[in-house]
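Asks: here is the input, now give the coordinates:
(one chain, ligands or ions: 1)
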Amino acid sequence: MKQTFFEKGWRRFPHDPVLAEWVDQTLPAARQAVRAPENARWLRCGGTWFAGVNALPNDTNGAVDGGPPVAGQVVNFIHGELGLSGFGWDPAQLSVCYPGYPRPMDGESDANFAFRRDRDAAHVDGLRREEPGRRRRLREHHGFILGIPMAPVSADASPLVIWEGSHHMVREAFRTVFAGIRPDHWSEVDVTDAYHAVRREIFDTCKRVVINARPGEAYVIHRLALHGVAPWPDAAQAGPDGRMIAYFRPETGNPEDWLSAP
Ligand SMILES: [Fe+2]
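Replies: Sure thing, here's the model as predicted:
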């Protein structure tokens with residue numbers, strides 16, 4: 001299981017009553033966060049995507065007020081098999097897609113919109129695009145990405161997609177980019193061109209895999225894996241919560257760990 005994760009860059013976990021209980025107890029707070037006026041700025045893509053970065057008000061145990069800590073098989077896998085423990089859970093991202101995702105955003109270029117629609121807005125987390133010039137730099141060092149579906153949807157309702165094995169290629173590319181540079185200076189390096197190059201290579205070589213999961217199930221994505229969100233076809237179905245997924249992306253180490261840890 002551990003080996004499969006490190007080979008493919010992701011793993012899904014079957015229904016777990018402990019995690020299902022966390023979802024039940026956390027959903028009211030998640031709904032409230034999605035509706036809160038102070039979070040309205042996260043609504044993007046013509047109202048079809050709530051990006052919700054760190055929008056869930058959970059504590060460092062992954063618990064919202066009155067709810068249980070995040071736990072279950074998937075958390076045991078992270079602590080045990082990935083060897084990551086002693087970190088605080090970050091406020092989870094609440095990523096919600098609605099029917100029609102994606103629609104163009106104000107000020108979005110045709111090329112960027114086309115990339116979102118045709119290439120699932122594929123990205124590696126932590127490589128932040130910044131002004132001036134929309135150049136990218138390594139600004140976050142997540143240990144892993146844990147995805148927890150919060151509401152049932154049809155399998156085609158804007159699922160997460162991953163390019164299987166892409167984390168190996170990203171690691172290779174960034175080893176070259178950062179060669180000879182001290183890790184505490186990596187955040188200053190403009191990685192845009194190298195990132196675009198490896199992304200193109202990944203599209204040509206890696207298999208795009210759709211990851212479906214229901215509430216109570218979960219998946220872990222390797223922090224270096226290229227991933228994205230599929231468009232919402234007309235036939236897809238969801239309830240009023242839309243396609244809501246909570247993503248934990250805690251920082252568990254330094255830049256060197258981001259690049260070199262398994
Ligand atoms: Fe992401």
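Asks: where do the helices sit along this structure?
Replies: Per DSSP state H, the chain carries helices over the ranges 2-8, 17-35, 73-80, 110-118, 166-178, 192-205, 255-260.
Asks: same list, those helices, but as TSV with distance to residue 242, mean pLDDT and mean neighbour count please.
Replies: (Glycine included, C-beta is placed from N, CA and C.) Formatted as TSV, the helices of the chain follow (distance: least, C-beta to C-beta, whole Å; pLDDT from 0 to 100; neighbours: other C-beta atoms under 10 Å):
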stretch	distance to residue 242	mean pLDDT	mean neighbour count
helix 2-8	28	94	14
helix 17-35	9	98	18
helix 73-80	23	97	17
helix 110-118	17	96	14
helix 166-178	27	98	19
helix 192-205	27	98	15
helix 255-260	31	96	17
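Asks: in TSV: these, plus distance to residue 159.
Replies: Formatted as TSV, the helices of the chain follow (distance: least, C-beta to C-beta, whole Å):
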stretch	distance to residue 159
helix 2-8	16
helix 17-35	17
helix 73-80	18
helix 110-118	15
helix 166-178	17
helix 192-205	18
helix 255-260	26
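Asks: which one, of those helices, ends up nearest to residue 55?
Replies: Set against residue 55 and scored by C-beta to C-beta, the helices of the chain come closest in helix 17-35, at 4.6 Å.
Asks: give me the low-pLDDT residue ranges for the protein?
Replies: Nowhere does the chain drop to pLDDT under 70.
Asks: now the strands for it?
Replies: With DSSP state E, the ranges of strands along the chain come out as 10-13, 43-44, 49-50, 93-97, 127-130, 135-138, 144-149, 160-163, 208-211, 218-222, 227-229, 243-248.
Asks: and residue 181, which of these is closest to it?
Replies: Judging the strands of the chain by C-beta to C-beta, what sits closest to residue 181 is strand 135-138, at 10.9 Å.
Asks: packing partners for that closest one?
Replies: strand 127-130, helix 192-205 (3 or more C-beta pairs under 8 Å, 6 or more residues apart in numbering; DSSP states H and E).
Asks: out of those, nearest to residue 21?
Replies: Of all the helices and strands packed on strand 135-138, strand 127-130 sits nearest to residue 21, with 34.5 Å by C-beta to C-beta.
Asks: the closest one packs against which elements?
Replies: strand 135-138.
Asks: okay, buried residues for the strand it packs on please.
Replies: For strand 135-138, a neighbour-count test (16 or more other C-beta atoms under 10 Å) marks 136-138 as buried.
Asks: what is the nearest of those to residue 89?
Replies: residue 138 (21.9 Å).
Asks: OK, contacts around that closest one?
Replies: By C-beta atoms under 8 Å, 6 or more residues apart in numbering, the contact set of residue 138 is 126-127, 174, 186-187, 189, 191, 255, 258.
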